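Colleague: sequence? don't have it. structure:
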């Protein structure tokens, strides 16, 4: 396993209770609670088969990206019994990516988000309204 990469296994006996859209909105709401900026949910279903939604958020610095990730991880684990299948980028914090299968969370620092420009790369997919993200 490469450095900075953590692999998780599903919690035994867990039944999925959230739809993929509800999960994306929950992740976005948790990121917003930790003062994430420029939170976007992209509907990836028309373009790819590996996930339904991307949640993209920005933290002001690596410490805040780690805090955003920690909040999402802890709350989903305890409240929804939901763990990601993999996580990468926690060591340096410039781009933390967590794969929840139906939803992939991307938490960037401003420089990393500007460099990778995922919204530009996936500009042909629709964004989801964040109004319902406040759960």
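Modeller: Thanks, I have it. Every value quoted in this text rests on a predicted model; they were computed, and no experiment measured them.
Colleague: can you list contacts of the helix or strand containing residue 64?
Modeller: Under the criterion of DSSP states H and E, residue 64 resides in helix 62-75. Residues outside helix 62-75 that contact it (CB atoms under 8 Å, 6 or more residues apart in numbering) are 27, 30-31, 33-36, 57, 59, 83-84, 87, 90, 92-96, 98, 105, 107-109. Heads up, the C-betas are built off the backbone N, CA and C, glycines and all.
Colleague: list the buried residues of that helix.
Modeller: With burial defined by 16 or more other CB atoms under 10 Å, the residues of helix 62-75 counted as buried are 62, 64, 65, 66, 67, 68, 69, 71, 72, 73, 75.
Colleague: next up, the contacts around the residue most central in space within the chain.
Modeller: Within the chain, one residue has its C-alpha closest to the average C-alpha position: by CA atoms, centre = their mean, that is residue 105, at 1.5 Å. Residues counted as contacts of residue 105 (CB under 8 Å, 6+ apart) are 27, 31, 54, 55, 57, 69, 72, 84, 96, 97, 98.
Colleague: hmm, try it at 7 Å
Modeller: Residues counted as contacts of residue 105 (CB atoms under 7 Å, 6 or more residues apart in numbering) are 27, 55, 72, 97, 98.
Colleague: and what of residue 31?
Modeller: Applying CB under 7 Å, 6+ apart, one finds that residue 31 lies in contact with 39, 55, 57, 68, 72.
Colleague: phi, psi for it please.
Modeller: Note on residue 31: backbone dihedrals following degrees, to the nearest 10 are phi -60, psi -40.
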